[in-house]
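S.K.: Structural data only, the sequence is not supplied:
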Ligand SMILES: [Zn+2]
């Protein structure tokens with residue numbers, strides 16, 4: 001017997017509460033900077049840019065000032081700007097962050113529509129300050145902490161994916177962000193959704209965490225690969241995939257927070273922020289409409305290295321053996337791959353805790369390293385989707401737990 005609460009989503013209690021009320025943010029001034037007499041320019045006038053000031057240090061060097069949207073905040077100092085020069089020249093860019101924050105992301109450069117990682121011979125470290133050396137000419141290049149995947153880029157990707165797989169995917173909007181950007185969800189299933197167990201995939205709560213988004217893309221592509229495995233899987237299960245949870249933060253070039261100045265991955269208790277509130281309401285309504293249950297939630301992020309953050313509690317959850325089976329299968333399938341798992345029951349209101357405490361489901365924060373190569377991300381993303389589908393097709397979920 002399944003008992004539902006009232007129609008608005010019930011709050012989920014956590015050991016440590018975090019205040020996620022809206023706070024002020026510092027907007028960067030959108031402009032094109034010109035270094036007088038040098039003919040060198042830098043601009044943040046595009047989505048996903050972050051450049052707070054740009055000043056001449058000497059005739060061959062500029063200081064690049066980067067600051068966060070507000071604080072306190074994690075050390076995820078994201079930067080992105082365009083730069084060019086009237087005449088071809090070699091020029092140096094010295095990064096400057098507020099006190100307490102250090103350079104983290106290896107520079108990616110977009111030239112002629114191609115992203116490349118900066119050559120290490122062009123990066124200089126002195127007293128923990130990083131300077132990079134670039135060849136400029138009149139064609140602007142983009143210099144960024146991670147490849148830029150703005151809300152427009154993300155929309156292009158999921159719209160194509162939905163069109164190519166229209167037999168399985170219905171594209172929906174769950175609502176709008178604080179600044180009016182669309183909050184999309186891909187509703188994925190084959191045939192009816194009634195009584196089908198639900199899997200939730202989310203990403204881009206934290207704007208700079210693009211490598212996690214790449215894994216999400218590969219994961220979703222594999223679920224929609226039209227293989228025998230994926231077809232059987234979609235006959236039996238229902239997937240909700242949220243490709244951009246924080247579009248304001250992404251387009252504003254934020255280090256971590258949304259337009260409300262809040263880490264949305266601390267809001268999975270009282271849902272003070274519109275992105276989380278609307279996602280939670282949509283998931284809750286979907287479960288109710290289909291008389292189904294949520295069995296698994298994966299939240300794709302990036303950090304210093306690849307790691308799966310899991311919940312320690314397994315017994316009595318909807319899929320008590322899933323994590324062990326999944327990780328064993330990954331190590332068996334991917335050559336020379338060792339799963340890095342960090343288990344602990346969430347004390348703060350993060351999504352993986354919400355899956356566990358709110359739904360008795362398996363919740364995992366799926367983290368890809370900041371510098372994990374694309375080929376490896378593709379391999380992990382694909383294998384983890386295939387092995388998840390295989391395991392879930394061989395699993396009867398624990399019916400007593402809901
Ligand atoms: Zn994150």
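M.R.: Received the coordinates, thanks. The structure displayed is predicted, hence computed values, not measured ones.

S.K.: Not including adjacent chain positions, what is the nearest residue to residue 262?
M.R.: residue 20 (4.9 Å; CB to CB, 6 or more residues apart in numbering). In this view, the C-beta of every residue, glycine as well, is placed from N, C-alpha and C.

S.K.: Enumerate every residue touching that neighbour.
M.R.: For residue 20, the contacting residues are 262-264, 266-267, 269-270, 272-273, 349, by CB atoms under 8 Å, 6 or more residues apart in numbering.

S.K.: Kindly report the same for residue 177.
M.R.: 183, 246-248, 258-259, 274-275.

S.K.: returning to that earlier point: need the buried ones from the contacts of residue 20 selected in ChimeraX.
M.R.: This is how ChimeraX selects the buried members of those, with burial counted by 16 or more other CB atoms under 10 Å:
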select :262,263,264,266,267,269,270,272,273,349
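
S.K.: quick one: contacts for the residue nearest the centre of the chain?
M.R.: In the chain, the C-alpha nearest the mean C-alpha coordinate belongs to residue 204, at 2.6 Å (CA atoms, centre = their mean). When contacts are counted by CB under 8 Å, 6+ apart, residue 204 touches 149, 154, 212-213, 243-247, 250.

S.K.: which one among these gets closest to residue 230?
M.R.: residue 243 (18.1 Å; CB to CB).

S.K.: Does that closest one touch residue 184 like I think?
M.R.: Yes - under the criterion of CB atoms under 8 Å, residue 243 makes contact with residue 184 at 6.2 Å.

S.K.: Give me the distance between the two termini of stretch 43-57.
M.R.: This stretch, stretch 43-57, spans 17 Å end to end (CA to CA, to the nearest Å).

S.K.: what separates it from the chain centre, distance-wise?
M.R.: Computed by CA atoms, centre = their mean, to the nearest Å, the separation of stretch 43-57 from the middle of its chain amounts to 23 Å.

S.K.: re the thing from before, state the distance from the residue nearest to residue 262 to the ion.
M.R.: 15 Å (CB to the ion, to the nearest Å).

S.K.: Could I get the pLDDT score of that residue?
M.R.: The model reports residue 20 with a pLDDT of 98.

S.K.: which residue sits closest to residue 164, ignoring its sequence neighbours?
M.R.: Per CB to CB, 6+ apart, closest to residue 164 is residue 224, 7.8 Å.

S.K.: Near the one you found, how many other residues are there?
M.R.: A count of nearby residues for residue 224, using other CB atoms under 10 Å, gives 22.

S.K.: likewise residue 234?
M.R.: Around residue 234 there are 23 residues (other CB under 10 Å).

S.K.: What helix or strand is it located in?
M.R.: Here residue 234, judged by DSSP states H and E, is contained in helix 228-236.

S.K.: what's in contact with that helix?
M.R.: In this structure, residues lying in contact with helix 228-236 by CB under 8 Å, 6+ apart are 168, 188-191, 196-197, 222-224, 386, 389-390, 392-393.

S.K.: before we move on, what SS does the residue of the stretch 151-300 of the chain found nearest the ion have?
M.R.: Of all residues in the stretch 151-300 of the chain, the one sitting closest to the ion is residue 206 (3.7 Å; CB to the ion). Applying DSSP: H, G, I helix; E, B strand; the rest coil to residue 206 yields a three-state assignment of coil.

S.K.: Nearest spatial neighbour of it, chain-adjacent residues omitted?
M.R.: Nearest residue to residue 206 in three dimensions, chain neighbours excluded: residue 256, at 5.3 Å (CB to CB, 6+ apart).

S.K.: in stretch 372-392, what's buried?
M.R.: Result for stretch 372-392 [16+ other CB under 10 Å]: buried residues 372, 376-392.

S.K.: related to what we said a few turns ago, what pLDDT, on average, does the helix holding residue 234 get?
M.R.: 97.

S.K.: Break down the stretch 151-300 of the chain into its helices, ranges please.
M.R.: 151-164, 210-223, 228-236, 247-251, 274-289 (DSSP state H, counting those that start in this stretch).

S.K.: can you tell me which residues contact residue 339?
M.R.: Counting by CB under 8 Å, 6+ apart, residue 339 touches 308, 327, 330-331.

S.K.: one step back: which stretch among the helices of the stretch 151-300 of the chain comes nearest residue 303?
M.R.: Nearest to residue 303, of these and by CB to CB, is helix 210-223 at 8.5 Å.

S.K.: The closest one vs the ion: in contact?
M.R.: No - Helix 210-223 stays clear of the ion (CB under 5 Å from the ion), getting no nearer than 7.0 Å.
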